[in-house]
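> Got a predicted structure here, sequence first:
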Amino acid sequence: MSFWKSFLNFFGLLKQEARLIVVGLDNSGKTTIVNHLKPERQASFEVVPTIGFSIENFDLGKIHFTVADMSGAGTYRSLWETYYNSVSGIVFVVDSSDKLRMCVAKDELDLLLSHKDIKAGLAPILVFANKNDLPGALEAADVSLYLGLPQLSQSQRPWQIQASNALSGEGVGQGLQWMVQVLDSSTPKKAEVGAKR
């Protein structure tokens, strides 16, 4: 580390770098959630479906985020792994009102977790059980069971599930706050692991 980086780091002036990937099936609300994650002055709520991917950069507290918002359409899902190397955290968005595709979401999450770059690290996973305001939507705890999240605690990978409504922003801030706490923690393995109802 250079002298200036050491100096800035000592006084808490150096921002921590965090690379997040935001993945999930198409139409789950990924881009809308990314807009809520960004500081208000950078947010744009004119949302169009993501083709391929888009990269967003913003600062939040002491962390500089680089966020890759990945398309969830079947033809683009193979691009996800391009961003797995050195990822700091994973945001997986699920449409909790789409019970028919819950098994597809689980398959994609399993593929992600079995990738060598993800297995090599302990990047925390934040799952948004999105669209929980819609009639018949599954509770966050039920989504966690469908996705097999309780089994992740055995590997000591920090994870959290958060009910959300991306359109109103409900639950998005709480999810990001959890991610920031885990990334900012000097001992991420001691982070709270489990489902939030």
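Yep, that arrived. These numbers come from a predicted model, not from an experiment. Residues are numbered from 1 along each chain as shown.
> ok, the nearest residue to Ile90 once chain neighbours are set aside - contacts?
Setting aside the residues directly before and after it, Ile90 is nearest to Ile125 in space (CB to CB, 6 or more residues apart in numbering), at 4.6 Å. C-beta coordinates here come from the backbone N, C-alpha and C atoms, glycine included. Contacts of Ile125 were listed using CB atoms under 8 Å, 6 or more residues apart in numbering, and they are 89-92, 149, 152, 157-160.
> Equivalent analysis for Leu37, please.
With CB under 8 Å, 6+ apart as the criterion, the residues that contact Leu37 are 58, 60, 65, 67, 172, 176.
> Could you rerun that using 10 Å?
Contact partners of Leu37, counting by CB atoms under 10 Å, 6 or more residues apart in numbering, are 20, 22, 43, 56, 58, 60, 65, 67, 69, 91, 169, 172-173, 175-176, 179.
> And the helices in the chain?
3-10, 30-37, 102-114, 116-119, 140-147, 172-184 (DSSP state H).
> lowest-confidence stretch among those?
When those are ranked by mean pLDDT, helix 3-10 comes last with a mean of 45.
> Show me where this structure has its strands.
16-24, 53-60, 63-70, 89-95, 125-130, 159-163 (DSSP state E).
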